[in-house]
Every structure is written in C-alpha cells, then in structure tokens.
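Asks: Fold the following for me, if possible:
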Amino acid sequence: MADLIFDLDGTLVDTVPGIEAAIAAALAAEAPDVAVRPIAPFIGPPLRAMLATAYPEVPPAVLDQVAARFRSVYDGGGWADCAAYPGVAATFDALAAAGHRLFVATNKPALATGRILAAVGLAGHVLDRESPDSVAPAHPDKAAAVAALMARHAIDPATTCLVGDGASDAAAAGAHGIAFFAALWGYGGLDLADVAPGHALADLPALLTAWPRLAASEAGDGERA
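Replies: Predicted coordinates for the structure are as follows:
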C-alpha cells in the first residue's frame, strides 16, 4: 500500500474566498490606501511571504501589521469560508478503504488546518498532519514538514506519493525522492515536466495501480512494518 501526503490549499480545499476576505479586512484596517488584488496566484508560501509577494509596495512594518490583522480575522472565523474540491471526500473514502495511509503537509498554521479538515469532513481519514508551527522553531519549508511526517511514521519514499498544486510541493517531493502528483485544479501553476498530472483528485486511485513504482508496492508482502 502507498502512503499519500497531501497539500491543503488548492489541493484538497478551495480556501481562496476566506483568505481574500481576511486580506481585504486586514488591508482596510492597516493599509487602507492599498487596493485588494486576487490572491490565488500567490497562495502556497506561509502568510508573511505570500503577502510580501502579492503586495511588494507595502512597507515591511506595515505588512507585519497586515499579517497580524489577517491572522486575527482568519482564525476568528474567516477560515470557514472554504469548500472541499469536488470528489475529494469520495476519493479519501476510496483510498482509505484500499488501505493507503493519508497525511497532510501544509504551510497553513495548525489551528486553521485542523478546523478546515474537520469542517469539510476529511479529518477522520487523515492519520497525521504537519504545519510550519507544529514545531518550534517553525519548519522553514514544506520539505521540512514532509520530513517530520516521514520520520514519525516510518514513511518509505519508494512507496509514497505527494499530491500538491505548487512549486513547494514539487520541491518537497523531489527533496525526498517521493513520487509527485500535480493537482492541476489548484492555484500553483506547476511546471509539468517529470510529474504525473491529474485533472481531478478522482484520478489518483487509478494512478496508484498504474504507476510502476507504486503499483509494485501493491504486489509486495502486503504488510506494513
């Protein structure tokens, strides 16, 4: 059986509405002269880095205030303005029933991650999850979060697939020698060279049986150490 590590934003859940509303509220309070712009192309990195890329004209000190205000608004309820992508719940049901272990590695803080997974009905199938603030000091990147999950659960790179929509997801998979499934429905604008693209998460169960290195694991001893 395979271990599957999923990104959250843009892969399992469309979180843009809540993120954009919280940014709008934060800018209105802390930088009212700055126009709100679409955030989807910038989603992926942690909040402060995302805001710095999306709003380079905002001074760093002001951007710190915007980030703090955003966190207050988003954690205070803005996170709930989201929805799982079509077919995600059914695909999780199928993957779990087939014996695959499911994990989440995300750049979203742990509090909002847990609330979102519970709200969209995915928490029960997720064996474990890792966010930047799951440790102190925080993980510096997605690869470090994936490494923590791999160490904690004896995850074998040879029989693991990382599913994500962004460059940081692809980089994390590459850093650990993990197969990568590109979530083309997400926000990330991935370079599709040398990855397995998917147009819906429902493609994944069939891919696991056809992908040579992962399919080979299905024919192994069937027992997980």
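Asks: what's the distance between the residue of the chain positioned farthest from its centre and Leu27?
Replies: The C-alpha centroid of the chain is most remote from Asp33, which lies 31.5 Å away (C-alpha atoms, centre = their mean). Computed with C-beta to C-beta, to the nearest Å, the distance linking Asp33 and Leu27 is 9 Å. Yep, even glycine has a C-beta here, placed from its N, CA and C like the rest.
Asks: And for Leu201?
Replies: Distance from Leu201 to Leu27, by C-beta to C-beta: 33 Å.
Asks: How about Ala49?
Replies: To Leu27, Ala49 is 17 Å away according to C-beta to C-beta.
Asks: okay, those two: which has more neighbours?
Replies: Neighbour count, other C-beta atoms under 10 Å: between Ala49 and Leu27, Leu27 has more, with 22 against 13.
Asks: Would you confirm that the more buried one contacts Val66?
Replies: Yes. If you go by C-beta atoms under 8 Å, Leu27 and Val66 touch, sitting 6.2 Å apart.
Asks: Run a quick neighbour tally on Leu51.
Replies: Residues lying near Leu51 (other C-beta under 10 Å) number 22.
Asks: my read: it touches Val66, true?
Replies: Yes. Assessed by C-beta under 8 Å, Leu51 is found in contact with Val66 at 6.2 Å.
Asks: shared neighbours of these two, which are they?
Replies: Contact criterion C-beta atoms under 8 Å, 6 or more residues apart in numbering; residues shared by Leu51 and Val66: Ile23, Val58.
Asks: who touches the helix or strand that Leu102 is a member of?
Replies: Per DSSP states H and E, Leu102 falls inside strand 101-105. Under the criterion C-beta under 8 Å, 6+ apart, residues 1-8, 12, 92, 95-96, 113, 117, 125-130, 142, 145-146, 149, 153, 155, 162, 172, 224 lie in contact with strand 101-105.
Asks: Show me just the buried residues among those.
Replies: Buried by 16 or more other C-beta atoms under 10 Å: 1-8, 12, 92, 95-96, 113, 117, 125-126, 128-130, 142, 145-146, 149, 155, 162, 172, out of these.
Asks: what's the closest residue to Arg152 other than its chain neighbours in contact with, if anything?
Replies: Nearest residue to Arg152, sequence neighbours excluded (C-beta to C-beta, 6 or more residues apart in numbering): Asp128, at 6.7 Å. Contact analysis of Asp128 by C-beta under 8 Å, 6+ apart lists Phe103, Val104, Leu149, Arg152, His153.
Asks: Confirm that Asp128 sits in a helix.
Replies: No. Read with DSSP: H, G, I helix; E, B strand; the rest coil, Asp128 is strand and lies in no helix.
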